[in-house]
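Novice: here's a sequence, model it:
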Amino acid sequence: MNSVHLVYLGYHYDEGLKNSRALLDSYRTISPWCEAVRRSGATTVTVVQRFHAEEEFEKDGVSYLFVNDGRPAALKPWRNLTRLHSLVASLHPDIVHVNGGTFHLRRLRKKLPSETAVVWQHHGGLPSSAVKRIGYRFAVRGLDGLLFAAEELAGQWRDAGIVNSRMALHQVMEGSSKFIPQPVERARESLGLRGSPIFLWVGRLNANKDPVTIVRGFSEICRAMTDAHLYMIFHEDGLLGEVRKTLASLGLSHRVHLVGKVEHRQLGQWHSAADFFVLGSHQEGSGFALLEALACGAIPLVTDIPSFRCITGNGAIGALWCAGDPDSFARAARAAQLARASRTSVRSFFEMKWSYDEIGKSAVDAYRQAIIRRRRSIDSGNRLS
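Specialist: Predicted coordinates for the structure are as follows:
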């Protein structure tokens, strides 16, 4: 099977986005993902995206169809999306890659030609209740494949009884980064950063990311690294008060800099200026900030959770530590400082494992397997739907 006609289907969007360009800028994995699978062997790639305005264009070998189906941006599970699904079916794709819209999968399947395969991309976490898990189990039944950023995340869904051993589960990272490293000293001078080494946090200030554990661990790090500084970038500040209180109690206000929100296009400069990238996450569906740090050559000091184990090659680059444990974080930082991987080796690791081209190859391989699975099921008279 040489040709692969892919439809990349998006159900959700932010109603505040004014036009298609703003949507693609906001959901910045869509275009590079589709361009990468095009380079990796997909012969035709069409993005079909729900939106409040109709638009159609082609860019870099990818076709874009923005569809106004008259429904609100935030979808309810019972909404009928006949127009959207009929449009997708009319394209006669070999495969549809679905992002979001879990509870619309069954209706989509009924509209599609029987030979069209459907895969769904996991974007993080387990359904929080038994009722939701039953709903997801019903929704994904009959899919030709499910894509998870890490095999362990797929295993969690299997252990929870949402998917079973007969279903095709693929490890395919949900996105990457197009950042390239910038000269370190120039980045630091431009940003006005001080300290050696420089630690960088990029993430929400919430309980899952656990900034308080980072700050407490950094207090220990400062005893061994007397000129270390930590810069914290965040766009949600739920725990900002607690972070400030912890900094004051530890006397770290002059060593930890609460930067706040930074435009995404500027983050490459910050990652290029940092020696170490840190996060205290208890769970993640993947790790875009981590991937961006690797792309710029920053050494990761992140928690020992499935997605981060996968992204770092089980700690082959940087160091992993136990979530919620400040001492574990401090020990990991000291070990990484001694080992001190080069920025070039970090970037090479990223290019080899997590560049868009590498992810595109994995995706196309998963697509082909799903298409074969669908066609064999039809030939055997045992349709998956």
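Novice: max-length helix in the chain?
Specialist: helix 356-379 (DSSP state H).
Novice: restricting to C-alpha, output that one in CSV.
Specialist: Extracted as CSV, the C-alpha positions of helix 356-379 are listed here (Å, rounded to 0.1, in the frame of the first residue of the first chain):
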residue,chain,number,x,y,z
TYR,A,356,8.5,16.5,13.4
ASP,A,357,10.0,14.4,10.6
GLU,A,358,10.6,11.5,13.0
ILE,A,359,7.1,11.8,14.5
GLY,A,360,5.7,12.0,10.9
LYS,A,361,7.3,8.6,10.1
SER,A,362,5.8,7.0,13.2
ALA,A,363,2.4,8.5,12.4
VAL,A,364,2.4,7.3,8.8
ASP,A,365,3.4,3.8,9.9
ALA,A,366,0.5,3.8,12.4
TYR,A,367,-1.9,5.0,9.6
ARG,A,368,-0.8,2.3,7.3
GLN,A,369,-1.3,-0.4,9.9
ALA,A,370,-4.8,1.0,10.7
ILE,A,371,-5.8,1.0,7.0
ILE,A,372,-4.6,-2.6,6.6
ARG,A,373,-6.5,-3.5,9.8
ARG,A,374,-9.7,-1.9,8.5
ARG,A,375,-9.5,-3.6,5.1
ARG,A,376,-8.8,-7.0,6.5
SER,A,377,-11.8,-6.7,8.8
ILE,A,378,-14.0,-5.9,5.8
ASP,A,379,-12.5,-8.8,3.8
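Novice: give me the mean pLDDT for that helix.
Specialist: Taken as a whole, helix 356-379 has an average pLDDT of 94.
Novice: other SSEs contacting that helix?
Specialist: Here helix 356-379 touches helix 30-39, strand 95-99, strand 117-121, strand 145-148, strand 169-171, going by 3 or more CB pairs under 8 Å, 6 or more residues apart in numbering; DSSP states H and E. All C-beta spots, glycine's among them, are computed from the backbone N, C-alpha and C.
Novice: so what's residue 219 closest to, chain neighbours aside?
Specialist: residue 250 (4.6 Å; CB to CB, 6 or more residues apart in numbering).
Novice: pLDDT below threshold where in this protein?
Specialist: 1, 382-385 (pLDDT under 70).
Novice: strands of that one, residue ranges please.
Specialist: 5-10, 44-50, 55-59, 62-67, 95-99, 117-121, 145-148, 169-171, 198-202, 229-233, 256-260, 276-279, 299-303, 319-321 (DSSP state E).
Novice: between the fourth one and helix 30-39, how many degrees?
Specialist: Same thing as strand 62-67. 140 degrees (axes from the mean of the first three to the mean of the last three CA atoms, to 10 degrees).
Novice: cool, the first one as well?
Specialist: For strand 5-10 against helix 30-39, the angle between stretch directions is 170 degrees (the same axes, to 10 degrees).
Novice: how far does strand 5-10 sit from the chain's center?
Specialist: Taking CA atoms, centre = their mean, to the nearest Å, one finds the center of strand 5-10 at 18 Å from the center of the full chain.
Novice: what is it packed up against?
Specialist: helix 30-39, strand 44-50, strand 95-99.
Novice: same question, the third one
Specialist: With contacts defined as 3+ CB pairs under 8 Å, 6+ apart, the secondary structure elements packing on strand 55-59 are strand 62-67.
Novice: sheet partners, orientation included, of the strand it packs on?
Specialist: strand 44-50 (parallel), strand 55-59 (antiparallel) (DSSP bridges).
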